[in-house]
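S.K.: Structure for this input, please:
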Amino acid sequence: MYIKDIKEEEYFRSADGCILCELLHRKNEDFDLRIGYSIAHAVVPACEKTVPHRLKESSEVYYILSGKGMMHIDGESKEVFPGQAVYIPPGAVQYIENTTGSDLIFLAVADPEWKGKDEEIIT
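M.R.: Numbers count the residues shown, from 1 in each chain. I've put the predicted structure just below:
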């Protein structure tokens with residue numbers, strides 16, 4: 001049995017500006033984790049937003065845990081709330097905006113797993 005405790009993991013600021021903790025990713029494990037996707041715990045601090053970016057090969061799903069915000073995908077924008085899952089197709093230009101005074105927290109699932117070379121920041 002394999003269990004990871006988020007309280008024991010490290011967070012970092014990703015290229016898109018999000019604060020991330022990679023919960024499950026094959027590159028971080030010292031055994032053969034047999035999954036083709038990755039899961040990250042993501043935080044967008046109060047009144048911040050990520051920068052527009054795209055994953056060229058991977059699709060993503062954001063599952064909103066707490067807070068609320070505005071999801072932007074390929075020029076379309078919709079408000080997001082806890083309990084919602086957002087599908088982001090490969091190649092779509094995306095960013096998420098925290099519209100509140102508290103953290104926006106979500107899980108980011110990338111399939112196939114997230115790779116730095118797959119991510120393109122849009123300037």
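S.K.: Report the central residue of this protein.
M.R.: What sits nearest the mean C-alpha location of the chain, by Cα atoms, centre = their mean, is Ala108, with 3.4 Å.
S.K.: tell me the average confidence for the helix or strand encompassing that residue?
M.R.: When elements are assigned from DSSP states H and E, Ala108 belongs to strand 104-111. Average pLDDT, strand 104-111: 98.
S.K.: The helix or strand that it is followed by pairs with which strands?
M.R.: Proceeding N to C from strand 104-111, the next assigned helix or strand is strand 119-121, under DSSP H and E. Here strand 119-121 has these sheet partners by DSSP bridges: strand 53-55 (antiparallel).
S.K.: tell me the average confidence for the strand it pairs with?
M.R.: Averaged across strand 53-55, pLDDT comes to 97.
S.K.: Okay, now the sheet partners of the following helix or strand past that strand, with direction.
M.R.: Moving toward the C-terminus from strand 53-55, the first helix or strand encountered (DSSP H and E) is strand 59-66. Strand pairing for strand 59-66, using DSSP bridges, gives strand 85-88 (antiparallel), strand 104-111 (antiparallel).
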